[in-house]
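Enquirer: Fold the following for me, if possible:
(4 chains)
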There are 2 protein chains.
Amino acid sequence: MQENLEVRERILTVATTLFHRQGYNETGINQIIKEANVAKASLYYHFATKDDLCIAYLKRRHEVWNDTLQEFIRDKEDKILAVFDFLMEDNEQCNYRGCSFLNLLPEVPPGKKEMLSEVQEHKKGVLAFFEAEIKGSDPDLPFTVYSLFENAIIESQLFQSQEPVLRLKRIVVSLLRANG
Amino acid sequence: MQENLEVRERILTVATTLFHRQGYNETGINQIIKEANVAKASLYYHFATKDDLCIAYLKRRHEVWNDTLQEFIRDKEDKILAVFDFLMEDNEQCNYRGCSFLNLLPEVPPGKKEMLSEVQEHKKGVLAFFEAEIKGSDPDLPFTVYSLFENAIIESQLFQSQEPVLRLKRIVVSLLRANG
DNA sequence: TATTATTCAGACAAGTCTGTCTATATAGAA
DNA sequence: TTCTATATAGACAGACTTGTCTGAATAATA
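Expert: You can find the predicted model right below:
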């Protein structure tokens, strides 16, 4: 009964890359199976529908994002500022494609609750990270920093530039200094 | 040589509604002409391609957004805080569909420069608004408030709720009080 | 050995999409 | 009147989409 993960894994890896790079609706099943070198029936053997594959993609992205971030900040002194450096690295690697989760929002109808829920959970996790790292008297500080970080993602995607990230990082530095 | 604006206007109005509500790639030409009650040849008489219609849509949204905002804040005492109220009104009217401009980003390939440019120009305008309204010693304050406003849009779209807008508005209040 | 799980290639169905084209009609301007 | 601008309905081309299905092959397990 041992499951062969080879094929399933290849599909998920390729789908993750393409969904992120091109968008969900802009990526067809046929492109995925071609680049993953699998038969169409194999894809539908592992994933009942394209939407199911999308859910798996979101869960995978969530894991990878968290793990990569944890690894990245492990030896950094200031974990909060390190997240901005992490974003800049991601921007370079992914050509300023922005956030996989937020990118999905506009192109799925609000009826697809499960997808929406995955996106929400991811962002709750990001906020939780800042809440855990930022101690202080001001209860709004974590949400403020989270919001600035989120706009760093968006703005760098929009202008295809690291400059907004650097600027918002500096802003967060002085915010923390003033309220820490 | 008088141009009949009836049909062109109807197309643009319907396209504006549908692109915003459903997304660009999720809205077909056939749906537009059906709801606008025009012939397909009429659409292609006024707009060479669907992308051209999209550009017109963005320009229209930009105008309408600016005009509606100016009208909304005209009699308000605090123009900055009024923008957050404006957002809440927009959220209710458009069912938390978020920003027409940002929503377009994920689903158009980076090669479509003109669309990207329209989105960039709109956001530059939003930032310029905060820069004009916020005077003070801190040169980063307008960009900070702009970033918080942007995340108010995103967050309320993501969670289909006004709560983030209210919270970020309160945060901006104390930020301005501290730095004004 | 027999059974079951997994994979393959690719045809196919049924629908969507953008954009073109034909052919006709109407109204205003030259 | 003749020409041009604008409008109509709708067929059509060609390419795409997701998902199903056939039929065969392989590999692990009972």
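Enquirer: only C-alpha atoms for contact and neighbour calcs from this point on.
Expert: Will do.
Enquirer: remind me which residues of chain A are low pLDDT?
Expert: Low-confidence segments of chain A, defined by pLDDT under 70, are located at A:1-5.
Enquirer: Spell out which parts of it neighbour chain B.
Expert: Proximity of chain A to chain B is confined to A:22-23, A:25-26, A:97, A:103-107, A:109, A:116, A:119-120, A:140, A:144, A:147-148, A:150-151, A:158-159, A:168, A:171 under the rule C-alpha under 8 Å from any C-alpha of the partner chain.
Enquirer: hmm, 6 Å instead?
Expert: With C-alpha under 6 Å from any C-alpha of the partner chain as the criterion, chain A meets chain B at residues A:103, A:106, A:147-148, A:151.
Enquirer: DNA strand C: which of those is nearest?
Expert: Closest approach between the residues of chain A next to chain B and DNA strand C, by C-alpha to the nearest atom of the strand: residue A:106, at 16.2 Å.
Enquirer: now that closest one, nearest residue through space, not along the chain?
Expert: residue B:103 (5.2 Å; C-alpha to C-alpha, 6 or more residues apart in numbering or on different chains).
Enquirer: What helix or strand is that neighbour located in?
Expert: Secondary structure assigned from DSSP states H and E places residue B:103 in helix B:100-104.
Enquirer: how far does the next helix or strand after that helix sit from the chain's center?
Expert: On the C-terminal side of helix B:100-104, the closest following helix or strand by DSSP H and E is helix B:113-133. When C-alpha coordinates are averaged (C-alpha atoms, centre = their mean, to the nearest Å), helix B:113-133 and its chain have centres 10 Å apart.
Enquirer: Can you list the buried residues in the lengthiest helix in chain A?
Expert: Of all the segments of type helix in chain A, defined by DSSP state H, the longest one is helix A:50-73. Neighbour-count burial for helix A:50-73 flags A:53-59, A:61-62, A:66, A:69, A:73 (criterion: 16 or more other C-alpha atoms under 10 Å in any protein chain shown).
Enquirer: any idea which of these is the one closest to residue B:47?
Expert: Using C-alpha to C-alpha, the shortest approach to residue B:47 within those belongs to residue A:54, at 34.4 Å.
Enquirer: For DNA strand C, see how far away the closest one is.
Expert: Remark: distance between residue A:54 and DNA strand C (C-alpha to the nearest atom of the strand, to the nearest Å) = 18 Å.
Enquirer: picking up where we left off before, any idea how far the helix holding residue B:103 is from the chain center?
Expert: A distance of 7 Å separates the C-alpha centroid of helix B:100-104 from that of its chain, computed with C-alpha atoms, centre = their mean.
Enquirer: tally of neighbours for the spatially closest residue to residue A:8 that is not a sequence neighbour?
Expert: Nearest-residue entry for residue A:8: residue A:46, 6.4 Å, with adjacent residues in sequence omitted and distances by C-alpha to C-alpha, 6+ apart. Other residues within reach of residue A:46, judged by other C-alpha atoms under 10 Å in any protein chain shown, total 16.
Enquirer: Then residue A:124?
Expert: Residues contacting residue A:124 under the criterion other C-alpha under 10 Å number 11.
Enquirer: tell me which element the residue lying closest to residue A:99 once chain neighbours are set aside falls in.
Expert: The shortest distance from residue A:99 to any residue other than its chain neighbours is 6.9 Å, reached at residue A:153 (C-alpha to C-alpha, 6+ apart). Following DSSP H and E, the helix or strand that holds residue A:153 is helix A:141-159.
Enquirer: could you give the angle of that helix to helix B:113-133?
Expert: Between helix A:141-159 and helix B:113-133, the angle formed by their directions is 140 degrees, by axes from the mean of the first three to the mean of the last three C-alpha atoms, to 10 degrees.
Enquirer: which helices and strands sit right next to the very next helix or strand once past helix A:141-159?
Expert: Scanning the chain past helix A:141-159 towards its C-terminal end, the next helix or strand to appear is helix A:163-179 (assignment: DSSP H and E). Under the contact definition 3 or more C-alpha pairs under 6 Å, 6 or more residues apart in numbering or on different chains; DSSP states H and E, helix A:163-179 sits against helix A:141-159.
Enquirer: switch to 10 Å and redo it
Expert: Other elements packing on helix A:163-179 under the criterion 3 or more C-alpha pairs under 10 Å, 6 or more residues apart in numbering or on different chains; DSSP states H and E are helix A:79-93, helix A:141-159, helix B:141-159.
Enquirer: Quick check: buried residues in that helix?
Expert: Of the residues in helix A:163-179, those buried under the neighbour-count criterion (16+ other C-alpha under 10 Å) are A:164-166, A:168-169, A:171-172, A:176.
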